[in-house]
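Undergrad: Structure, please.
(2 chains)
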Amino acid sequence: MAVAEGKTSPETSEKSWHGVVLQTLKRNDIRLVPYVPDRVLTTLIKNLHADPFFTTFPTAREEEAVGIVSGAWMGGLRGAVLMQTSGFATLANVLASLAIPYQIPLIMFVSERGTLGEFNYGQSLVCRTMRPVLDSLAMEHHTATRLDEFEFIVDRSIKQAITTQAPVALILSPLLTGGKVFDK
Amino acid sequence: MNNDTAARNTKVMNRFDLTSRLITKLKHEEAVIGGIGNTNFDLWAAGHRPQNFYMLGSMGLAFPIALGVALAQPDRRIFALEGDGSLLMQLGSLSTIATLAPKNLTMVVMDNGIYQITGAQPTPGSTVADIVAIAVASGLTNSTWAADEDDFERLIEESMSTAGPTLIGVRIDDKPGTGTTRRDPVQIRERFMHGMGVREPL
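TA: Residues are numbered from 1 along each chain as shown, chains lettered A, B, ... in the order given. Coordinates of the predicted model:
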């Protein structure tokens, strides 16, 4: 993979999407990871907690987590927020009044519910609001569907967010993560 | 204004006066995060410092933003000023802060029981809720109402050497803010980062 220069990892088949997130956060010195959990994020959250490099903890609401990483950025500590689609739907105000106008490189990982096998009608509806909100604010966002592209997308997006001082949303498609299905 | 009950023997004070008293005490480039509206207008009016951060939206996030700064800079004292109406929007953050227990965070809740800036409508908690009791029940055991101005100053000083987060509730009058923050978010953020020693000016 282009961005994995210097790393010799012939066993790419052993790579997992959550391993890529953890390693790429680390490589970019992103230490603070508040989250509102999602089933799909379980392993990632567990591994973040197990790694002393990270300060990771749950918050009561997603916008609280956005406030925390915004303050941390201004104090010189890099962060990223984990959430699911319905959590993103609570963020329009804080994106429009804090992250974007103050030029905060807010990095968000959004586990995508509501599509490709969704069983909860409410989730499928709220999912439809996500990209229109991102587009209406002209925010950078990418939907990751393939493991072979994932490290490139995550690494480049983090670097772009920081250098351009602009937020980014990385949407984790069920095509990448497997998603959450009814019989789970 | 809150209805005074038997349990509420605290003096009704003034936001600008208390904010000015706080700023006078700051000698070590302490950070101050001002919540939206009157809270940061009075912070601005008390005298701009590069270590001040003024919110221009995202109601309720003064304490979460302050928590982020406190985690990033554990050797600096961080103050956060928030209104009662704002805090009611983000009560969950009190539990988050109690769990992380930063040693360097002092939170002040300016409680007038009203949304002063939108026309002085009472908050839903104005006659029934006790912000300090809510904070204690959220795990912030070091939470106290300030009885008067002297008590406020004493609590502020005490908080600077306390081994955990402090929350100070103050009952304030229904006066509006005394100034108006210059609404330039990029400059506010950049100046604050200079004040935090994170960046040098171009």
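Undergrad: Any idea which residue is closest to the centre of chain B?
TA: Geometric centre of chain B, nearest residue: B:L81, 1.3 Å, by Cα atoms, centre = their mean.
Undergrad: quick one: average confidence on whichever strand or helix holds that one?
TA: Using DSSP states H and E, the element containing B:L81 is strand B:78-83. Taken as a whole, strand B:78-83 carries a mean pLDDT of 98.
Undergrad: So which residues of chain A form helices?
TA: Counting by DSSP state H, the segments of chain A that form helices are A:17-27, A:42-50, A:62-74, A:85-88, A:92-94, A:121-136, A:147-164, A:174-177.
Undergrad: picking that back up, the strand holding B:L81: which residues count as buried?
TA: Residues of strand B:78-83 classed as buried by neighbour count (16 or more other Cβ atoms under 10 Å in any protein chain shown): B:I78, B:F79, B:A80, B:L81, B:E82, B:G83. (Each C-beta comes from the backbone N, C-alpha and C, glycine too.)
Undergrad: for those, which one is nearest chain A?
TA: Nearest to chain A, judged by Cβ to the nearest Cβ, of these is B:I78 at 8.5 Å.
Undergrad: All the strands of chain B, residue numbers only.
TA: Secondary structure of chain B (DSSP state E): strands at B:31-34, B:52-54, B:78-83, B:105-111, B:114-115, B:121-122, B:143-145, B:166-171.
Undergrad: okay, and for the chain, where does confidence drop off?
TA: Just so you know, I chose chain A. A:1-14, A:183-184 (pLDDT under 70).
Undergrad: think we crossed wires, I meant chain B
TA: Low-confidence segments of chain B, defined by pLDDT under 70, are located at B:1-8.
Undergrad: Could you pick out the residues of it near chain A for me?
TA: Neighbours of chain A within chain B, by Cβ under 8 Å from any Cβ of the partner chain: B:31, B:33, B:53, B:55-61, B:63-73, B:76, B:90-93, B:95-96, B:99-100, B:185-186, B:188-189, B:192-193, B:196-198.
Undergrad: what about burial for the residues you listed, which qualify?
TA: Applying the neighbour count, that is 16+ other Cβ under 10 Å, the buried entries in the residues of chain B next to chain A are B:31, B:33, B:53, B:55-61, B:63-73, B:76, B:90-93, B:95-96, B:100, B:185, B:188-189, B:192-193, B:196, B:198.
Undergrad: From A:T177, how far off is the residue nearest to A:L44 when sequence neighbours are not counted?
TA: Beyond its immediate neighbours in the sequence, the residue positioned closest to A:L44 (Cβ to Cβ, 6 or more residues apart in numbering or on different chains) is A:H18, lying 3.8 Å away. Counting by Cβ to Cβ, to the nearest Å, the separation of A:H18 from A:T177 is 8 Å.
Undergrad: give the contact list for A:A92.
TA: Taking Cβ atoms under 8 Å, 6 or more residues apart in numbering or on different chains, we find A:A92 in contact with A:V133, A:L137.
Undergrad: I should have written A:P105 there, sorry.
TA: By Cβ under 8 Å, 6+ apart, A:P105 lies in contact with A:W73, A:A161, A:I162, A:T164, A:Q165, A:A166, A:P167, A:V168.
Undergrad: again, only this time at 10 Å
TA: Applying Cβ atoms under 10 Å, 6 or more residues apart in numbering or on different chains to A:P105 gives the contacts A:69-70, A:73, A:78-80, A:99, A:158-168.
Undergrad: Ramachandran angles for it?
TA: Its backbone dihedrals place A:P105 at phi -80, psi 70, with angles given as degrees, to the nearest 10.
Undergrad: can you list the residues of chain A near chain B?
TA: Proximity of chain A to chain B (Cβ under 10 Å from any Cβ of the partner chain) is limited to residues A:31-32, A:34, A:55, A:57-61, A:63-79, A:91, A:93-104, A:165.
Undergrad: Let's see the PyMOL selection covering just the buried ones among those.
TA: Applying 16+ other Cβ under 10 Å to these leaves a buried subset, and the PyMOL line that selects it is:
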select buried, chain A and resi 31+32+34+55+57+58+59+60+61+63+64+65+66+67+68+69+70+71+72+73+74+75+77+78+79+91+94+95+96+97+98+99+100+101+102+103+104
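Undergrad: which residues does the residue most central in space within chain A form a beta bridge with?
TA: Within chain A, the residue whose C-alpha comes closest to the C-alpha centroid is A:F109; the distance, by Cα atoms, centre = their mean, is 1.0 Å. Each beta-bridge partner of A:F109 is listed here, defined by DSSP bridges: A:L82, A:L170.
Undergrad: Pull up the gap between it and A:Y102, please.
TA: 21 Å.
Undergrad: So A:I162 is in contact with A:I107, correct?
TA: Yes. If you go by Cβ atoms under 10 Å, A:I162 and A:I107 touch, sitting 8.4 Å apart.
Undergrad: who has more neighbours, those two?
TA: When neighbours are counted by other Cβ atoms under 10 Å in any protein chain shown, A:I162 and A:I107 differ, and A:I107 comes out ahead with 25 against 17.
Undergrad: Now the more buried one: closest residue in space that isn't a chain neighbour?
TA: Counting by Cβ to Cβ, 6+ apart, A:I107 lies nearest to A:A80, which is 4.0 Å off, once chain neighbours are set aside.
Undergrad: My read is that that neighbour contacts A:K26, right?
TA: No. Using Cβ under 10 Å, A:A80 makes no contact with A:K26, being 11.2 Å away.
Undergrad: residues shared between the contacts of those two?
TA: Shared contacts of A:A80 and A:K26 (Cβ under 10 Å, 6+ apart): A:F54.
Undergrad: Let me see the contact set for residue 95.
TA: Assuming you mean chain A. Residues counted as contacts of A:L95 (Cβ under 10 Å, 6+ apart) are A:63, A:66, A:88, A:101, A:104, A:106, A:108, A:133-134, A:136-137, A:139, A:167, A:169, B:58.
Undergrad: my question was about chain B
TA: Neighbouring residues of B:S95 by Cβ under 10 Å, 6+ apart: A:P58, A:T59, A:A60, B:A135, B:A137, B:S138, B:G139, B:L140.
Undergrad: do that again at 8 Å, thanks
TA: The neighbourhood of B:S95, defined by Cβ under 8 Å, 6+ apart, consists of A:A60, B:S138, B:G139.
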